[in-house]
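1. sequence below, structure please.
(one chain, ligands or ions: 1)
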Amino acid sequence: MRTQVAIVGGGPAGLLLQQLLHVAGIESVVLEQRSRAYVEGRIRAGVLEQVTVDLLEKVGVAERMRREGLVHDGFALAVDGETFRIDLKGLTGGKTVMVYGQTEVTKDLMDAAGERGCPVVFEAEGVALHGVDTDRPFVTYRKDGVGQRLDCDFVAGCDGYHGVSRPSIPGDVLKTYEKVYPFGWLGILADVPPCDHELIYSNHERGFALASMRSNTRSRYYIQAPLDTNLDDWPDDRIWDELAIRLGPKAAANMTRGPSIERASRRCAASWPSRCGGAGCSWPATRRTSCRRLAPRA
Ligand SMILES: Cc1cc2nc3c(=O)[nH]c(=O)nc-3n(C[C@H](O)[C@H](O)[C@H](O)COP(=O)(O)OP(=O)(O)OC[C@H]3O[C@@H](n4cnc5c(N)ncnc54)[C@H](O)[C@@H]3O)c2cc1C
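-> Residues are numbered from 1 along each chain as shown. Now for the predicted structure:
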C-alpha cells in the first residue's frame, strides 16, 4: 500500500493531523495499535483552548462541539482561599476556552475520517518505522496476523512518549530538552456538578489545586502531591477534604462530593524535542510539552 503521509497513532494529534492533511488535499493513513472501542473509551483531557477550537472549525469537525461543549469566558485564580476572576474573553479580545472532552473530540475525528474516506487502521500490531532519514520511508505492521507494508513520503509520529516513533528517530537528529519537576498530581473524576461555573486554579500553602469539569454533571479535580505519593493512601474522602482546604471556603461550600469514576496519580515533566519530533502531543493541554505534563490543565 502507498500513501503520502503515514501517521503512527490514532489519538487526537494523529486524527486531527489526518483531517488537516485531508483539507489540504494530502492523503494519509493512520495506524493505531488499539481498537476503536478502546481509543473511544479512554478518558483524558477535557478543556480545549481557542487555537484547537479554531483548528476543529477549520477542518469542519466542530458541529457537535459547538452544540454540546461549554464555552468559558474566564476562569478563577484562588490564592490562599481568596478568589479573583480572570476575564479571559475581555483581556484577549474575544478568546474563550471550550469544555469538551478529549474522548468526544476523538469520536468526532474518527467519524469524520469514516465519512471522508480517510483510512484509519485499528489494531495495527508491531508497527515499525523504516528509512525515516531517507526519501523513501515506509512503515510495517501486522493486521489480523498478516504482515503489511505502507510506503509513504513522510512518517508523522503521533504515538506519544511511549510510542515507537520517538526511538526510531536517529540519535544524531533528535535532541530532547527535558525538565522533571519535583512534584506530581492526584486527579479525581466524579459524576457530580462542578463547584463553580468556571475553572478554579488555586495556589495554597499546602500545594496547588485545580477544580475543572467535563460537563455540568461531571467534575475533574487535581491536587499537587509529593512524587512518592501512593494513590492507595488517598481514598476519595481524603482527596475531597484536601480539595476543600486548598480551593477555599467559597468553593468548598459549593463542592458536591461523590464516588470517583476515575482516579489517577501522575508525574510531572516537560520536554521539548527538536527536529523530527513528530506531531505527537499536539493536544492543546500539553502543547509544547511531551506526553507528561507540567501542570494539569483540565
Ligand atoms: C491517564 C491520562 C489522563 C489524562 N488526563 C488529562 C487531563 O485531565 N487534562 C489534560 O489536559 N490532559 C490530560 N492528559 C494528557 C492528554 O490526554 C494528552 O496530552 C493527549 O492524549 C495527547 O494526545 P496525542 O494524540 O498526542 O497522544 P495520545 O492520546 O497518547 O495518542 C497516541 C496514540 O498512539 C497510539 N500508539 C502508541 N504506540 C503505538 C504504536 N507503537 N503503534 C501504533 N499506535 C500507537 C496509542 O494507542 C494512542 O492512541 C491525560 C493523559 C493520560 C495518560
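
2. can you get me a residue count around the closest residue to the ligand within the chain?
-> Proximity of the chain to the ligand (C-beta to the nearest ligand atom) peaks at residue 11, 2.1 Å away. No exception for glycine: its C-beta is placed from N, CA and C like everyone else's. For residue 11, the count of nearby residues is 26 (other C-beta atoms under 10 Å).

3. so residue 215: helix, strand or coil?
-> Residue 215 carries the three-state label coil when classified by DSSP: H, G, I helix; E, B strand; the rest coil.

4. so that it lines up with my notes, have the first residue be 23 from now on.
-> Shifting the count to begin at 23 puts that one at residue 237.

5. surely the residue of the chain closest to the ligand touches residue 183?
-> No - using C-beta atoms under 8 Å, residue 33 is not in contact with residue 183, being 11.5 Å away.

6. which pLDDT does the model give residue 296?
-> pLDDT recorded at residue 296 is 51.

7. the residue of the chain closest to the ligand and residue 65, how far apart?
-> 13 Å (C-beta to C-beta, to the nearest Å).

8. and if you look at residue 277?
-> For residue 277, the distance to residue 65 equals 21 Å [C-beta to C-beta].

9. of those two, who's got more company?
-> Remark: of residue 277 and residue 65, residue 277 carries more neighbours, 19 against 15, as counted by other C-beta under 10 Å.

10. grab the nearest non-local neighbour of that one.
-> Closest residue to residue 277 apart from its sequence neighbours, by C-beta to C-beta, 6 or more residues apart in numbering: residue 217 at 4.2 Å.

11. can you tell me the SS state at that neighbour?
-> Using three-state DSSP, the structure places residue 217 in coil.

12. next, count neighbours for it.
-> Neighbour tally, residue 217, other C-beta under 10 Å: 20.

13. residue contacts, it?
-> When contacts are counted by C-beta atoms under 8 Å, 6 or more residues apart in numbering, residue 217 touches 233, 241, 269, 273-274, 276-278.

14. give me the buried subset of these.
-> Neighbour-count burial (16 or more other C-beta atoms under 10 Å) applied to these gives 233, 241, 269, 273-274, 277.
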